[in-house]
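Chemist: Give the three-dimensional model of this entry:
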Amino acid sequence: MFEKLDAFHQTRLGYAVFAAIELALAYVFISWAIDGGSWFDYGLALIFTIGFLQNLSKLIGTFFNGKRSGRKAR
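Modeler: Down below sits the predicted model:
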């Protein structure tokens, strides 16, 4: 099951889906953090924001280097 999820995550659609989910989670936690002032919520928002940026950069990389990976195609 995890192999299938990882294989999906390595595709353009997978990067886009995971980026959208992490962006939504970051939005939720930053909203809670601003409302409640919880450092824990700020930390989770930061983690999900970093995850979003990683998936976004990999997604952009697939447009330049191939369909499956954000790494340089060989």
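
Chemist: any idea how far Asp35 is from Arg14?
Modeler: Residue 14: Gly, not Arg. As for Gly14, its distance to Asp35 is 32 Å (criterion: Cβ to Cβ, to the nearest Å). All C-beta spots, glycine's among them, are computed from the backbone N, C-alpha and C.

Chemist: ok, the two, which is more surrounded?
Modeler: Between Gly14 and Asp35, counted using other Cβ atoms under 10 Å, Gly14 has the larger neighbour count: 19 against 9.

Chemist: where does that one fall, helix, sheet strand or coil?
Modeler: The three-state label given to Gly14 by DSSP: H, G, I helix; E, B strand; the rest coil is helix.

Chemist: tell me the contacts of it?
Modeler: Taking Cβ atoms under 8 Å, 6 or more residues apart in numbering, we find Gly14 in contact with Phe8.

Chemist: Read off the pLDDT value for it.
Modeler: At Gly14, the pLDDT value in this model is 92.

Chemist: What residues sit buried inside stretch 2-16?
Modeler: Within stretch 2-16, the residues that count as buried by 16 or more other Cβ atoms under 10 Å are 14-15.

Chemist: Can you pull out the residues in contact with stretch 23-34?
Modeler: 38-39, 41-42, 44-45, 48-49, 51-52.

Chemist: So which of those residues sit within helices?
Modeler: Mapping those onto helices (DSSP state H) picks out 39, 41-42, 44-45, 48-49, 51-52.

Chemist: Are any of the residues you listed buried, and if so which?
Modeler: 41-42, 44-45, 48-49, 51-52.
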